[in-house]
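Peer 1: After the sequence you'll find the predicted model.
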Amino acid sequence: VLENYAFPGAMIIGTDSHTPNAGGLGSCAIGVGGADAVDVMAGMPWELKAPKVIGVKLTGTISGFTSPKDVILKVADILTVKGGTGAIVEYFGPGLESISCTGMATICNMGAEIGATTSMFPWTNTMKEYLKATNRNDIAEMVDSYADMLKPDDGCEYDQVIEINLSELVPYVNGPFTPDRAHTYDQLGKTAQENDWPTDISACLIGSCTNSSYEDLTRVANLIQQASSRGLKMKTKLWISPGSEQIRATMQRDGLRKIFEDAGAIFLSPSCGPCIGQWKRSDIPEGTKNTIISSFNRNFAKRNDGNPLTHSFVTSPETVVMYAYFGTLLANPLVDSLETSNGSFKFQQPDGLYLPSKGFDAGNDTYEAPAEDGSQLRVEVDKESTRLQLLQPFAKWDGQDIDSAYVLIKARGKCTTDHISMAGPWLRYRGHLENISNNSFIGAINDANGKANSILNELSNQEEEVPAVARHYKSQNIPWVIIGDENYGEGSSREHAALQPRHLGGRAVIVKSFARIHETNLKKQGILPLIFADPNDYDKLQTGDKISISLKTFA
């Protein structure tokens, strides 16, 4: 989005929760579900409840080991994963001058993890430089002539203001299992020991769409060169997922890839990769307690490798690579040294290049244009396929109330779209609703027994897996509902997390609060999203209870 489509003043909607990345170029870019995007493509208006505006005032200058990623890690610490829900986060203040356009994009990208509708930056000179570097000189010049319209108005007011002094901001490492649990280097090791988190780091990961700009990777390469020049080897394996084909090609042309590979790093495809569970991990058996550290956004249980006992921490690329050399959370890279054959070594402030001196290399062109006239084309799918299945319309509402619906599962605590529809190896079935529905709610913790993917089938009186029970109820024409906690459905804008419950006979989801995209997706797929008038009523219900809902009262 940032490389090709974003520009200041643009209004963009995209079917990915990371669409707000474009806010780094001054776009109002909002993640939505696929059904919303289809509506817009069909010429229908897109609707959104008017958001509040949270202002983040940045003062001082970012420097040293601190990176733009640390800005959003600090904001997540302040606001938590639901603090930005129903709000646009707008960054302003003199501190903007020390952050590059791609750094701003990193901040906006992770704004999804605080529930923000989107995040935005005003027009800056680094945006102009980036537009020119990506062959959009005409846009850069035009926007520059309207610069005053793309900055905060004098005297503008915000619903909430947070102030961060970049000169005082230090690096953060957030986690595990949630992106808003923040630790500074000097706190991390002690906190890990107090909570019995594994302190040895089993894997370090950089990249994906979050943190793999040219600036990010040149700063990381500089740190690697510092260590390599003293004969140091990484104690933990480093994996790198370039965020785009353009970044992959440019870093390869400019010798960055060789620097990484000579140090032992492993390159993955320019894709989501381990950030979404597309990581065929063989070094740690499933069920083994371990710690990983990455520059991704999300670190929910099972998110990266499918292992519920992987303690995942999110941080900046610079922090990731330094910890790869130390190999333990007990280290403080700001003050600790590493021993070499000719004395001790301490990392120095990394240097990096914002933009490549030779310009960007677009890499391989893999775009395939659609047919100019597709009116006569038919999509034919093998009926025996396990990965593709043509969708059939859901049954229309019969006009009757929801009567005696079972609570299929009361989800305890955090229930993200990963808990509802897990990614990783399941993504191969994205085109086959029947098969991918076999992962429905398998990550959610059943409040009745504290277990994942284990609920009582009220018809058979047997403990069974959640999808099997849902199918059984559906086969008997028995409706069911879900009970959830706060910020239900946070994380990826995964439409399957709404499609699958509807396919398996779900009728309603009743929670303390919703994440915005998931609430909309439920509505679009015909599932009633309800919020407790009194959050304490959550405690009155349990898996297996029966609920009746008078739909006529909603008319």
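Peer 2: That came through, no problem.
Peer 1: From now on I want contacts and neighbour counts done on CA atoms only, so please keep to that.
Peer 2: Noted.
Peer 1: confidence score at Ser316?
Peer 2: pLDDT, Ser316: 97.
Peer 1: what's the burial count for the closest residue in space to it that isn't next to it in sequence?
Peer 2: Leaving aside its sequence neighbours, Ser316 sits nearest to Ser295 (Cα to Cα, 6 or more residues apart in numbering; 5.1 Å). The number of residues packed near Ser295 is 27, by other Cα atoms under 10 Å.
Peer 1: who's in contact with Ser295?
Peer 2: 205-207, 210-211, 314-317, 320 (Cα atoms under 8 Å, 6 or more residues apart in numbering).
Peer 1: And Thr184, by the same measure?
Peer 2: Here Thr184 is in contact with 170-173 (criterion: Cα under 8 Å, 6+ apart).
Peer 1: Secondary structure element for Gln252, which one?
Peer 2: Element membership for Gln252 (DSSP states H and E) is helix 245-253.
Peer 1: Pull the residues that contact that helix.
Peer 2: For helix 245-253, using Cα under 8 Å, 6+ apart, the contacting residues are 212-214, 242, 257-258, 270, 356, 360-364.
Peer 1: And the residue nearest to Ser316, how close does it get to Asn109?
Peer 2: According to Cα to Cα, to the nearest Å, Ser295 and Asn109 sit 12 Å apart.
Peer 1: quick one: contacts of stretch 365-378?
Peer 2: The contact list for stretch 365-378 (Cα under 8 Å, 6+ apart) is empty.
Peer 1: related to what we said a few turns ago, so which of the contacts of Thr184 belong to strands?
Peer 2: Residues from the contacts of Thr184 lying in strands, with DSSP state E as the criterion: 172-173.
Peer 1: Now do the helix ranked longest in the chain against helix 245-253, angle only.
Peer 2: Determined from DSSP state H, the single longest helix within the chain is helix 214-228. In terms of direction (axes from the mean of the first three to the mean of the last three Cα atoms, to 10 degrees), helix 214-228 departs from helix 245-253 by 30 degrees.
Peer 1: Which secondary structure elements does helix 214-228 sit against?
Peer 2: helix 256-262, helix 317-326 (3 or more Cα pairs under 8 Å, 6 or more residues apart in numbering; DSSP states H and E).
Peer 1: Just want the angle from it to helix 317-326.
Peer 2: Using the same axes, to 10 degrees: helix 214-228 against helix 317-326 is 20 degrees.
Peer 1: Among the contacts of helix 245-253, name the buried ones.
Peer 2: 212-214, 242, 257, 270, 360-361 (16 or more other Cα atoms under 10 Å).
Peer 1: Highest neighbour count among the contacts of Ser295?
Peer 2: Ile206 (32 neighbours).
Peer 1: quick check, that one in a strand?
Peer 2: Yes: residue state for Ile206 (DSSP: H, G, I helix; E, B strand; the rest coil) corresponds to a strand.
Peer 1: tell me the contacts of it?
Peer 2: 212, 238-241, 294-296, 317, 320.
Peer 1: So which of those sit within helices?
Peer 2: Using DSSP H, the contacts of Ile206 in helices are 317, 320.
Peer 1: Tell me the one among the contacts of Ile206 nearest to Trp480.
Peer 2: Proximity to Trp480 was ranked across those by Cα to Cα; first place goes to Phe296, at 35.3 Å.
Peer 1: Run a quick neighbour tally on that closest one.
Peer 2: The number of residues packed around Phe296, counting by other Cα under 10 Å, is 28.
Peer 1: next one: the one 5 residues further on
Peer 2: Counted by other Cα under 10 Å, the residues lying close to Ala301 total 22.
Peer 1: Could you give me the buried positions within stretch 226-238?
Peer 2: For stretch 226-238, the neighbour count (16+ other Cα under 10 Å) marks 226-227, 230, 232-238 as buried.
Peer 1: that older thread, can I get the helices and strands packed on helix 214-228 in TSV with distance to Gly14?
Peer 2: Formatted as TSV, the entries for those read as follows, by distance: least, Cα to Cα, whole Å:
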stretch	distance to Gly14
helix 256-262	31
helix 317-326	26
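Peer 1: deepest of those helices, which one?
Peer 2: Across those, averaging neighbours per residue (mean count of other Cα atoms under 10 Å) puts helix 317-326 on top, at a mean of 24.
Peer 1: what does whichever helix or strand comes after it contact?
Peer 2: Next helix or strand after helix 317-326 toward the C-terminus (DSSP H and E): strand 338-340. For strand 338-340, contacts defined as Cα under 8 Å, 6+ apart pick out 230-232, 326, 344-346.
Peer 1: Is it correct that Ala470 falls within a helix?
Peer 2: Yes: Ala470 sits within a helix when classified using three-state DSSP.
Peer 1: how close does the nearest residue to Val220 once chain neighbours are set aside get to Thr59?
Peer 2: Among residues not flanking Val220 along the chain, Glu318 sits closest, at 5.5 Å (Cα to Cα, 6+ apart). Separation of Glu318 from Thr59 (Cα to Cα): 22 Å.
Peer 1: Over to Val89?
Peer 2: Distance of Val89 to Thr59, given as Cα to Cα: 16 Å.
Peer 1: Which one of the two is surrounded by more residues?
Peer 2: For Val89 versus Thr59, the count of surrounding residues by other Cα under 10 Å is larger for Val89: 27 against 19.
Peer 1: which residues does the most far-flung residue of the chain relative to its centre contact?
Peer 2: The centre of the chain is farthest from one residue, Asn342, which by Cα atoms, centre = their mean lies 42.5 Å away. Counting by Cα under 8 Å, 6+ apart, Asn342 touches Arg230.
Peer 1: Give me the phi and psi for it.
Peer 2: phi -120, psi 40 (degrees, to the nearest 10).
Peer 1: Backbone dihedrals for Val143, both of them.
Peer 2: Dihedral pair for Val143: phi -60, psi -40, per degrees, to the nearest 10.
Peer 1: Give me the number of neighbouring residues for it.
Peer 2: With other Cα under 10 Å as criterion, Val143 counts 18.
Peer 1: now swap in the one 10 residues further on and tell me
Peer 2: Counted by other Cα under 10 Å, the residues lying close to Asp153 total 9.
Peer 1: same thing with Ala29?
Peer 2: The burial count for Ala29: 28, using other Cα under 10 Å.
Peer 1: Is it bridged to anything, and to what?
Peer 2: Ile12 (DSSP bridges).
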